[in-house]
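Colleague: sequence below, structure please.
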Amino acid sequence: MPIMLSAIRKTGKSKSQVSAPIELFVAVIILALTLSIGWSVINTTSQAKCEAKLKTQTQNLKNAMLDVALGSSGTSRTVYFQFPSCGSQQTIGLQFVLYQKPEYCRLCTGTYGYCWQVVPIAKDPASPGKFVQISNAISCVNMAGDIQISRDAADAQCVELSSKPCLNENNCNAADYGISREVLDNSRWSTLSGERSSAFDIVLTKKTVLGTNGEEQGSIEVCAKKKTG
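Modeller: Alright, predicted model coming up:
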């Protein structure tokens, strides 16, 4: 009997020695998964908050554009705009775009064949040299399609605007921005680059210009000045 009890004790001890590393391994896996899920939730929440703040900025810019577009000549509004980094997406530019076909306006309700949008763009973290629109932060501007948007040429401090969807007008491959040839040909663009500054004071001023047939048209002149410090 003592020999049998001794054997049982040895067997039980052997099993506990084997199971201990397995239990530790399982505990480590569970801890790693818990931490991974936790970080994922934190990152997702942080990115959502960042995009919400960016949306607030495009909404402020939209409201200023509407005030200027509906105002008399000389009406002016100034909006502070900062390009944030939302998670892995670094905001790098801002597009003022008029889509001239309704199928490009699904984000904008109550449109009639066209729509203006304020579109933040970011570097694509998955594809170097490519850019993506931050769709959650796009704002629609309910103003007339014959409004022109251009840089205020009277002030040398105003940053140049690209007349294409690209940050650099002279070296523009629209496909790098996810823009097809059809969309490019049926839209008007004014793009502000944030490559050399992450913050701007954007001054919008109402002007009146002559159209191609000599008729008066509304124009919004944009003066984006870099903020330092």
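Colleague: what about the residue nearest to T109 when sequence neighbours are not counted, neighbour count?
Modeller: In space, and not counting its chain neighbours, T109 is closest to C140: 7.8 Å by Cβ to Cβ, 6 or more residues apart in numbering. Glycine gets a C-beta too; all of them are placed from N, C-alpha and C. Per other Cβ atoms under 10 Å, the neighbour tally for C140 reads 19.
Colleague: state the distance from the most centrally placed residue in the chain to P102.
Modeller: For the chain, the residue sitting closest to the mean C-alpha position, by Cα atoms, centre = their mean, is I134 at 3.0 Å. With distances taken as Cβ to Cβ, to the nearest Å, I134 is found 22 Å from P102.
Colleague: all the helices of the chain, residue numbers only.
Modeller: Taking DSSP state H as the test, the helices found in the chain are 2-70, 181-185.
Colleague: give the contact list for the nearest residue to G145 once chain neighbours are set aside.
Modeller: Of all residues not flanking G145 in the chain, Y114 sits nearest, at 4.6 Å (Cβ to Cβ, 6+ apart). With contact set as Cβ atoms under 8 Å, 6 or more residues apart in numbering, Y114 has these partners: L98, Y99, Q100, K101, P102, C105, G145.
Colleague: from these, pick the one nearest I179.
Modeller: Y99 (10.9 Å; Cβ to Cβ).
Colleague: neighbours of that closest one, how many?
Modeller: 24.
Colleague: next one, pLDDT for it please.
Modeller: Predicted confidence (pLDDT) for Y99: 96.
Colleague: which residues pair with it across the strands?
Modeller: Counting by DSSP bridges, Y99 forms beta bridges with C115, S187.
Colleague: start to end distance for stretch 148-164?
Modeller: One end of stretch 148-164 sits 14 Å from the other (Cα to Cα, to the nearest Å).
Colleague: buried set for that stretch?
Modeller: I149, R151, D152, C158, V159, L161, S162, K164 (16 or more other Cβ atoms under 10 Å).
Colleague: please name the nearest non-neighbouring residue to the last one.
Modeller: If you skip the residues right next to it in sequence, K164 has C172 as its closest partner in space, 4.6 Å away by Cβ to Cβ, 6+ apart.
Colleague: how about S135: what's its closest non-neighbour residue?
Modeller: Counting by Cβ to Cβ, 6+ apart, the residue nearest S135 is L107, at 7.4 Å.
Colleague: okay but the one you found is in contact with I138, surely?
Modeller: Yes - counting by Cβ atoms under 8 Å, L107 does reach I138; the two are 5.9 Å apart.
Colleague: hang on, the earlier thing: out of the contacts of Y114, which are buried?
Modeller: Here, 16+ other Cβ under 10 Å leaves L98, Y99, Q100, C105 buried among those.
Colleague: in TSV, list the residues you listed along with distance to K53.
Modeller: Output for the buried ones among the contacts of Y114, formatted as TSV (distance: Cβ to Cβ, whole Å):
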residue	distance to K53
L98	26
Y99	25
Q100	30
C105	25
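Colleague: from those, which single one is nearest A224?
Modeller: When these are ranked by distance to A224 (Cβ to Cβ), L98 comes first, at 18.4 Å.
Colleague: I'd like to know how far the closest residue to the closest one other than its chain neighbours sits from K49.
Modeller: Nearest residue to L98, sequence neighbours excluded (Cβ to Cβ, 6+ apart): R188, at 4.3 Å. With distances taken as Cβ to Cβ, R188 is found 32 Å from K49.
Colleague: looking at those two, which is more packed in?
Modeller: Shown here are R188 and K49; by other Cβ under 10 Å, R188 has more neighbours (16 against 11).
Colleague: many thanks, have a good one.
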